[in-house]
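J.: Next come a sequence and a model predicted from it.
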Amino acid sequence: MKHQKLLAFIFSILLSPAVFAQTNLPIVKANSTRVDIREDNELNRNVWKIEPNLKLDIFSTSAKDVTFYTDIDSIAFKIEPKKEYDFIILLNGKDTARTQIKHIPSRLDILKEAEKYDYSDNRFFPKFEYESLDNPDLQKLRQDFKLDSIAGKGSELSQIFNLLHWLHDLIKHDGSLENPTSKNAIDLIEVCKIENRGLNCRMLATILNECYLSMGIKSRHITCMPKEMQFDECHVINSVYSKELRKWIWIDPTFDAYVMDEKGNLLGIQEVREKLINGEPLVLNADANWNREHLQTKQEYLNKYMAKNLYRLEAILFSTYNTETKMSSKELTYVELLPLDGLNQTPQKKEQTNNSTGMKYTFYKTNNPELFWAKPE
């Protein structure tokens, strides 16, 4: 019996090189199961685990150059679209893990496919409206938090940025928590103070939106979504109308961020989207950051994160105080700007009622960015 086992072991050793030769696949050696991977110029350490038990282990990437680094060896590939690259990792000289690098389009590539809109789309949806600063709740917000002092006596743009920086420093971003029941600036700020908690991007944009409205600055929060109809994560920022510039500008309280062209001109969401698609220069403010802990880069924030979330855009029709707090018989209307490449182009209008709250919702769709980004009257 021992003699048979010895023969089987010797035969397996002799057979292994033949098997590798037949597959004609590159082989990279490893003694540790952990692998570092470089995608283009970005090195990520310990991001891959060698799994010999898997029939095929697939690593998906949109990078053009990919290198696998084991503890003793490495292998590099030039990646072309729609191609797959197979190789074998030989672990401890005996266990084989068949591995594949598979190209997938980047989020920026997907966004580029969504360039086209229909500027002749005149399907009806009501005009966007913005609450007057005379609203009693907005007046109370302005007075209680001394927003005139925070905004300062400088230009409109300086006031816009002062309020942005103030809120970013006041409340941390925390996307893991449930939203409070009352979704207005006064109550949201109060609950964060009492519970020592943060808020997700939607609630941060809600607070900042109401602060701008209280100062007589037209603003709305924009839900920025990926192509998929079902998704785990999106992002909400503010689109603020500057009378000085006569245009909408990009304001993001989660990252204390705004965007410019190469000449320093402030840009709006539609302009940033177009420049990303066309590969034109974009500049992110140097102090853009998450919770004063991590600085943001143009590559991570715009080319990756926001490229994913600029595919579809949605705004509430009436930008006002306490907009999304659930109340019986309340009605909310949303408008979605959808590219021609987008999924679910119809119905153009959908109505539904929440049976538990009694709230009524109406959803419109448009392919026309000129209507969606109409200047406030």
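T.: Received, thanks. The shown structure was predicted, so the numbers you read here are calculated from the model rather than taken from an experiment.
J.: what's near enough to touch the residue nearest to Glu39 when sequence neighbours are not counted?
T.: Of all residues not flanking Glu39 in the chain, Ala63 sits nearest, at 3.7 Å (CB to CB, 6 or more residues apart in numbering). C-betas here are computed from N, CA, C, even on glycine. Contact partners of Ala63, counting by CB atoms under 8 Å, 6 or more residues apart in numbering, are 39-40, 42, 79.
J.: Give me the lowest-pLDDT entry from these.
T.: Lowest pLDDT of those: Glu42, 92.
J.: What separation do you get for that residue and Pro281?
T.: As defined by CB to CB, to the nearest Å, Glu42 lies at a distance of 21 Å from Pro281.
J.: cool, and Ala76?
T.: On the measure of CB to CB, Ala76 and Pro281 end up 30 Å apart.
J.: Tell me which strands the helix or strand Ser60 falls within pairs with, and in which orientation.
T.: Take DSSP states H and E as the rule and Ser60 turns out to sit in strand 57-61. Looking at strand 57-61 with DSSP bridges, its partner strands are strand 95-103 (parallel).
J.: Narrow the contacts of Ala63 to those that are buried.
T.: Those of the contacts of Ala63 that meet the buried threshold are 39, 79, by 16 or more other CB atoms under 10 Å.
J.: Now for the contacts of Ala63: which two are most distant?
T.: Farthest pair in the contacts of Ala63 (CB to CB) is Glu42 and Ile79. Separation: 13.8 Å.
J.: which residues in the stretch 51-200 of the chain form strands?
T.: 57-61, 65-69, 74-78, 84-91, 95-103, 129-130 (DSSP state E, counting those that start in this stretch).
J.: Serialize these to JSON lines and add fields for mean pLDDT and distance to Leu371.
T.: Formatted as JSON lines, the strands of the stretch 51-200 of the chain follow (pLDDT from 0 to 100; distance: least, CB to CB, whole Å):
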{"stretch": "strand 57-61", "mean pLDDT": "96", "distance to Leu371": "37"}
{"stretch": "strand 65-69", "mean pLDDT": "98", "distance to Leu371": "43"}
{"stretch": "strand 74-78", "mean pLDDT": "97", "distance to Leu371": "44"}
{"stretch": "strand 84-91", "mean pLDDT": "97", "distance to Leu371": "43"}
{"stretch": "strand 95-103", "mean pLDDT": "96", "distance to Leu371": "37"}
{"stretch": "strand 129-130", "mean pLDDT": "98", "distance to Leu371": "14"}
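J.: looking at the ones you listed, which is closest to Asp287?
T.: Nearest to Asp287, of all the strands of the stretch 51-200 of the chain, is strand 129-130, at 28.7 Å by CB to CB.
J.: for that closest one, packing partners?
T.: With contacts taken as 3 or more CB pairs under 8 Å, 6 or more residues apart in numbering; DSSP states H and E, strand 129-130 sits against strand 318-319.
J.: Who does the following helix or strand past the strand it packs on pair with, and is each partner parallel or antiparallel?
T.: Using DSSP H and E, the helix or strand that follows strand 318-319 in sequence is strand 331-337. Paired strands of strand 331-337, with direction, are strand 312-316 (antiparallel), strand 360-366 (parallel) (DSSP bridges).
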